[in-house]
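*Asks:* no FASTA, just this:
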């Protein structure tokens, strides 16, 4: 899998234009397996944001999970994650609201954050109990999830029960040592691409704005957080430093650095056994932080 990623993702993406990358993702959508028949997926308008509500047989009626996809704020869609979001809902025993936030550079910062906030408000407005609500995201979506927490806290809105950040991009100023230390080892991401990706999203905004780069915010008071990252990732230090900063602020944070796992290996289920194991770890974390209140149902 690492060799395939290096040959077909890392090497090809190094010189691709945004339009080429988006076309590649669009073609990939047709190859992504659909959820099982007993999983119900409903298209919804979540406060003006296009979204899917995904309910598995295991989903508890009062447990909700807001999922924010990755893609460097420039790519990604509901379809490319449909093989993962239902598995996340099953493991977390939650109703998943996966949103399709606006993408850069057409819609730069803070459009993605505004959409995440609108979807969160929509959940609350439709009866979701924040004490039984999880926010999760991968890559850029993982950083967006943490930025959303800062926005909620600063705005006086109720915080979710817990947060899951998978290989999060938390530092758009690009100061992590792993960007150079793991440049060759990372089988998937190119360090040289990140300045362009960050510039497309920021559109001149300060890369150390906490709502764009949560690493530079004050995490005091944020809820329990689970962070996953691979040991060879160029974004390893984005995750490690975020966890260190949260611990220094007396937050409850669990950091798991998975040996030789590529960026967001969770999406490689069912081909990579560690992907299944990592998703199970997420489910166990949710069970610890969001105790069930009702029996199963949808």
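*Replies:* Happy to help now that I have it. Just so you know, these numbers come straight off a predicted model, no measurement behind them.
*Asks:* and residue 219, how far from residue 163?
*Replies:* According to C-beta to C-beta, to the nearest Å, residue 219 and residue 163 sit 10 Å apart. Glycine gets a C-beta too; all of them are placed from N, C-alpha and C.
*Asks:* what do you get for residue 5?
*Replies:* Applying C-beta to C-beta, the value for residue 5 to residue 163 is 27 Å.
*Asks:* same thing with residue 197?
*Replies:* 23 Å.
*Asks:* try residue 196
*Replies:* For residue 196 relative to residue 163 (C-beta to C-beta), the value is 28 Å.
*Asks:* residue 242 in helix, strand or coil?
*Replies:* helix (DSSP: H, G, I helix; E, B strand; the rest coil).
*Asks:* give me the number of residues near it?
*Replies:* Using other C-beta atoms under 10 Å, residue 242 is surrounded by 27 other residues.
*Asks:* over to the one 10 residues further on?
*Replies:* Residues contacting residue 252 under the criterion other C-beta under 10 Å number 13.
*Asks:* show me what contacts the closest residue to it other than its chain neighbours?
*Replies:* Closest residue in space to residue 252, ignoring its immediate chain neighbours: residue 224 at 4.2 Å, by C-beta to C-beta, 6 or more residues apart in numbering. By C-beta atoms under 8 Å, 6 or more residues apart in numbering, the contact set of residue 224 is 161-163, 251-254, 285, 288-289.
*Asks:* buried subset of those, written for PyMOL?
*Replies:* Only the buried entries of those go into this PyMOL selection, using 16 or more other C-beta atoms under 10 Å:
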select buried, resi 161+162+163+251+253+254+285+289
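*Asks:* now for the contacts of residue 224, which pair is the farthest apart?
*Replies:* Distances among these were taken as C-beta to C-beta; the most separated pair is 251 and 288, at 15.2 Å.
*Asks:* run through the helices of the stretch 101-250 of the chain in chain order.
*Replies:* 111-125, 140-154, 178-181, 194-202, 236-248 (DSSP state H, counting those that start in this stretch).
*Asks:* now render those helices as TSV, adding distance to residue 265 and mean pLDDT.
*Replies:* Converted to TSV, the helices of the stretch 101-250 of the chain look like this (distance: least, C-beta to C-beta, whole Å; pLDDT from 0 to 100):
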stretch	distance to residue 265	mean pLDDT
helix 111-125	23	98
helix 140-154	13	98
helix 178-181	16	98
helix 194-202	19	97
helix 236-248	13	98
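*Asks:* closest one to residue 70 among the ones you listed?
*Replies:* Closest to residue 70 of the helices of the stretch 101-250 of the chain is helix 140-154 (C-beta to C-beta; 4.6 Å).
*Asks:* now the closest one: how far from the chain's centre is it?
*Replies:* Computed by C-alpha atoms, centre = their mean, to the nearest Å, the chain-centroid distance of helix 140-154 equals 10 Å.
*Asks:* ok, now stretch 148-163?
*Replies:* With C-alpha atoms, centre = their mean, you get 16 Å for stretch 148-163.
*Asks:* who touches both of residue 219 and residue 163?
*Replies:* Shared contacts of residue 219 and residue 163, counting by C-beta under 8 Å, 6+ apart, come down to 146, 149.
*Asks:* give me every residue that touches the nearest residue to residue 236 once chain neighbours are set aside.
*Replies:* Spatially, and ignoring its direct neighbours in sequence, residue 236 is nearest to residue 178 (4.1 Å; C-beta to C-beta, 6+ apart). Counting by C-beta under 8 Å, 6+ apart, residue 178 makes contact with 233-238, 240.
*Asks:* let's have those in CSV, adding neighbour count.
*Replies:* Below are these laid out as CSV (neighbours: other C-beta atoms under 10 Å):
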residue, neighbour count
233, 29
234, 27
235, 27
236, 23
237, 21
238, 30
240, 18
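*Asks:* quick one, what contacts residue 206?
*Replies:* residue 212.
*Asks:* count of residues packed around the residue nearest to residue 217 when sequence neighbours are not counted?
*Replies:* Spatial nearest neighbour of residue 217, excluding adjacent residues (C-beta to C-beta, 6+ apart): residue 210 at 3.0 Å. Residues near residue 210, counting by other C-beta under 10 Å, number 18.
*Asks:* so residue 210 touches residue 148, yeah?
*Replies:* No - with contacts defined as C-beta atoms under 8 Å, residue 210 does not count as touching residue 148, sitting 11.2 Å away.
*Asks:* what ranges do the strands span in the chain?
*Replies:* Taking DSSP state E, the strands of the chain run over residues 40-45, 50-55, 64-68, 95-99, 133-138, 162-166, 225-230, 253-258.
*Asks:* next, format those strands as JSON lines and append mean pLDDT and distance to residue 144.
*Replies:* Listed next are those as JSON lines, based on pLDDT from 0 to 100; distance: least, C-beta to C-beta, whole Å:
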{"stretch": "strand 40-45", "mean pLDDT": "98", "distance to residue 144": "19"}
{"stretch": "strand 50-55", "mean pLDDT": "98", "distance to residue 144": "14"}
{"stretch": "strand 64-68", "mean pLDDT": "98", "distance to residue 144": "5"}
{"stretch": "strand 95-99", "mean pLDDT": "98", "distance to residue 144": "10"}
{"stretch": "strand 133-138", "mean pLDDT": "98", "distance to residue 144": "6"}
{"stretch": "strand 162-166", "mean pLDDT": "98", "distance to residue 144": "9"}
{"stretch": "strand 225-230", "mean pLDDT": "98", "distance to residue 144": "14"}
{"stretch": "strand 253-258", "mean pLDDT": "98", "distance to residue 144": "17"}
